[in-house]
Structure formats: structure tokens, C-alpha cells
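Peer 1: Whatever this is, show me its structure:
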Amino acid sequence: MDIQSVSLSLFVILLLVFKSFQDCRVVNDEYSVTNYLCNSIQDLEKQGNPYALNVTISSGKVPLSWLSLKPSVSVTLSENEGFTEEVLGYIKDLSDLWDRRLELTTVTEKTFGNLPLKSIRIDHGRIINIEAGSFSRMLDLTEVYIVDNDLRSVSKGVFNYLNIETLALSNNKIRLLEDGAFANMKNLKHLYLDGNLITNFQSNLLMNYKNQLETLHIQSNSIRLIDRNTFKGFINLRVLNLSNNRIDMILNYSFEELLNLESLALANNFLRDLNAEIFPLNPFPYLSKFNIGNNRFSHLTTETLEKVKNVKYISIAGNPWQCPCLNLILMWTGEYNITHVCDAPKTALFKIQFNLPADTTSETKPYNERRGNNFEPLQQQKDS
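Peer 2: You can find the predicted model right below:
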């Protein structure tokens, strides 16, 4: 983080008992981010924020694991806003609001009002509903994370016409994505809908500026079918995670426009076959990671393998491969120098294959900090 910038982050941690105030202090967290820790609004008001750093306000001593406390809300002021008395008033109002409403279930236009915010994050809360127009007066808003709440649906009018670049609605209870829910979002690049109850994702009904999207995570839902319209128009998509759904069929031409795809995860589904016609006419030019582990594949055709021959890492573990086909795949990976996994403990294999640490967390994947890795091994789904 650039400590010279005038952006200001506020983390309001909800605690029921107020303790004695202490002076604000500067510390580095486990991610080497410098934070300005205060025990109260009064402390912050008294000392100001001379370092223009992240500001954390809580009651009592802030433990080392303060990042994991829940529920929590954080906001980041837009870069054009300095630390003024007016902004301090915004922060105090927001702090008081959250302290009074521990059972907050609905976000309305009054929740954040016209705060000059760049980012909003609500973790481990009880949000069930977001009313249309809740963010309409927040023209600088570029990031919204509403993660681990009880959100049931995404209605048209909540996010439309906003300048949001990253929208994370992971680990909620979303079943319904209303037609046009993501329409007219000209800057949307990263969309995280993983860990919900979605059964159908039809991009042609949900959004119109699809060519801007670079990251789409819809793993850990209940999707069964992928068809030609599901990802139509996603010409700049780089990361697509469909793992841990109930997909048993992908129709021909479903991925034909995904020419910039770099990572494709289909693990933990019920797939038996991958027809070569599913993929673009020519092999994926940039596809580097391809995960089809823990499905029901017994074979793949040479035509299908040809379409993904540019990958660097592939996972095929957890499938009932027939020996002749498995031999063919092993020969193919050797010919194209592709790292593969097949005959070792699954967890270790994945870590070796993708050269990832045991606990991958990154701000580039904020949608779900417990599943930050596209290729994290998942439990095999059972038939129901």
C-alpha cells in the first residue's frame, strides 16, 4: 500500500463490551500491510491520521488475529478524499450505525448514504436483502464484497450503472439472479458468485457488457448444464472456475469464444465426456491451467487433448480412467511437457503441481478467502 496516498480504510469490528481507550498505534499485520489501530472514534478524532494508513477501530485491545474477527464491515474512502472533519463524521456515523444494528439484515440507500467510498466489505454478517438504489449515490464505488452473509437473491437495480470493477457475493444463499442483475456495469472485471445455491447462469439474461469480464468464479453452486449461451460474449475472460457444481453435460460450442482463457477449472462435477466441439476451433492459445479432477471420465479423445495442448498444468486425478486412455494421456503430457498429477496423495499432488502454498490467500482473489486457489483440492461430490 502506498502510504503517501490519501485513501483511508476503516475497519469497524463489532464487539459488545466497550473497554478503556488507548492511544492509536501503527502496526504491520500478517500481510505486511501497515495499519493505524485505534480503540475508539475519540482516539482517532484526538490524534487524526497523519500517516494516511489503514485505520482499524475496535473497543479494547486489538488481538493479532483481528483480521479474522466477525462480523465486520470495512470501507475505503475514495482517493480524492482527505482526512477532514466531514470524513471523520462519516466514519463516526458509520461506526455508530453498525454498533447499534448488530442484527442488520437489509442494506438500503440510508445504510451508506452518500459516503465518498471506493470500497465496501461486509463479512460474516446477516445481510438477507440489498434494496435497489442502495449504492446509487456512491459514484466512486469500485469494489463491493458482501461475503459470508445470508443474501438470497440479486435484484435488478442494485448494481446497475455503477462503476464497480470487482463484485464479490461469495458464500451466501443466493438462488435467484434476476434478469439484468449485472446489466450496464461497464467496468465489471471480476465477478465472484461461488458458494451459493445457483442452478442456472445465463449471461445473455444477466449482463450486456460481457466483453469486460476477466474473472468469473461460480464454483460450489448447483449448476448442472453449460450451453452455448452460458458464456457467450466473454471474449476477454481469463479465469473461469466451475468446480464443485453438479455439471453432467457441457454442450458443443460452450467455450468457443473463450480465446483468452488462462485457467479453466471443472473439478468435482459429474462429467463423463468432453467433446472436442465444446472448445474453440483452434487450441486455446493462452490456457495454462486445466483441472478436470474428480469427475467420471474414463477416456478423452485425441481431438479433445489437441484443443488443450498448450496447458502447463493439468489435473486428472480422481477419475476412473481406462488403462489405454490413461497411457495415452501420460504420453501426451510428456510430449507437450505438461505437468500432471495421477498417482500420489491428492493434497500433496495439487500443491506440487501448481506450486502453491498450503494456505493460499490473496487480495487478487477476495471472493472467498477459504477457497482462494482455483485448483485447491475439493471433496468428491456424492450422488444424491
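Peer 1: Low-confidence stretches in the stretch 1-150 of the chain?
Peer 2: Along the stretch 1-150 of the chain, segments meeting pLDDT under 70 span 1-23, 28-103.
Peer 1: Could you pull out the strands in the stretch 101-250 of the chain for me?
Peer 2: For the stretch 101-250 of the chain, the strands defined by DSSP state E, counting those that start in this stretch cover 106-107, 117-123, 129-130, 143-147, 153-154, 166-168, 176-177, 190-192, 215-217, 225-226, 239-241, 249-250.
Peer 1: possible to save these as TSV with mean neighbour count?
Peer 2: In short, each C-beta sits where N, CA and C put it, glycine included. Listed next are those as TSV, based on neighbours: other C-beta atoms under 10 Å:
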stretch	mean neighbour count
strand 106-107	18
strand 117-123	21
strand 129-130	20
strand 143-147	21
strand 153-154	20
strand 166-168	21
strand 176-177	18
strand 190-192	22
strand 215-217	22
strand 225-226	19
strand 239-241	23
strand 249-250	18
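Peer 1: Quick check: which of these is nearest to Leu264?
Peer 2: strand 239-241 (5.4 Å; C-beta to C-beta).
Peer 1: What strands line up against the closest one, and which way round?
Peer 2: strand 215-217 (parallel), strand 263-265 (parallel) (DSSP bridges).
Peer 1: Check which residues of stretch 168-186 are buried.
Peer 2: Across stretch 168-186, burial judged by 16 or more other C-beta atoms under 10 Å covers 168-172, 174, 177, 181-183, 185.
Peer 1: how about those, which pair is most distant?
Peer 2: Asn171 and Ala183 (24.2 Å).
Peer 1: before we move on, the earlier item: how about the strands paired with strand 239-241 in CSV, adding distance to Asp150?
Peer 2: Shown next, in CSV, are the strands paired with strand 239-241 (distance: least, C-beta to C-beta, whole Å):
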stretch, distance to Asp150
strand 215-217, 20
strand 263-265, 26
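Peer 1: any chance of these in TSV, with mean pLDDT too?
Peer 2: As requested, the strands paired with strand 239-241 are exported to TSV (pLDDT from 0 to 100):
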stretch	mean pLDDT
strand 215-217	97
strand 263-265	96
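Peer 1: Indicate which one of the ones you listed is closest to Leu115.
Peer 2: strand 215-217 (26.5 Å).
Peer 1: What are the contacting residues of that closest one?
Peer 2: Around strand 215-217, the neighbours that count as contacts under C-beta atoms under 8 Å, 6 or more residues apart in numbering are 170, 189-194, 231, 234, 237-241, 367-368, 374.
Peer 1: again, only using 6 Å
Peer 2: Applying C-beta atoms under 6 Å, 6 or more residues apart in numbering, the contact partners of strand 215-217 are 190-192, 194, 239-241, 367.
Peer 1: give me phi/psi at Leu162?
Peer 2: The phi/psi pair for Leu162 (degrees, to the nearest 10) reads phi -90, psi 160.
Peer 1: I'd like to check which residues are in contact with it.
Peer 2: Residues in contact with Leu162 (C-beta under 6 Å, 6+ apart) are Phe135.
Peer 1: ok, so what distance separates it from Phe182?
Peer 2: 10 Å (C-beta to C-beta, to the nearest Å).
Peer 1: What of Gln212?
Peer 2: Using C-beta to C-beta, Gln212 is found at 11 Å from Phe182.
Peer 1: Could you do Asn200 as well?
Peer 2: The spacing between Asn200 and Phe182, counted by C-beta to C-beta, is 14 Å.
Peer 1: Ser136 too?
Peer 2: Distance, Ser136 to Phe182, using C-beta to C-beta: 15 Å.
Peer 1: Same check on Ile164?
Peer 2: Distance from Ile164 to Phe182, by C-beta to C-beta: 9 Å.
Peer 1: circling back: take the buried residues of stretch 168-186 and write them to TSV, including pLDDT and distance to Phe284.
Peer 2: Formatted as TSV, the buried residues of stretch 168-186 follow (pLDDT from 0 to 100; distance: C-beta to C-beta, whole Å):
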residue	pLDDT	distance to Phe284
Ala168	96	26
Leu169	96	28
Ser170	95	26
Asn171	95	30
Asn172	96	32
Ile174	97	30
Leu177	95	27
Ala181	95	29
Phe182	96	25
Ala183	95	29
Met185	96	26
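Peer 1: Can you tell me which of these lies closest to Leu225?
Peer 2: Within the set of the buried residues of stretch 168-186, Leu177 lies nearest Leu225; the separation is 15.5 Å, counting by C-beta to C-beta.
Peer 1: Dig out what the closest one forms beta bridges with.
Peer 2: According to DSSP bridges, beta-bridge pairing links Leu177 with Val154.
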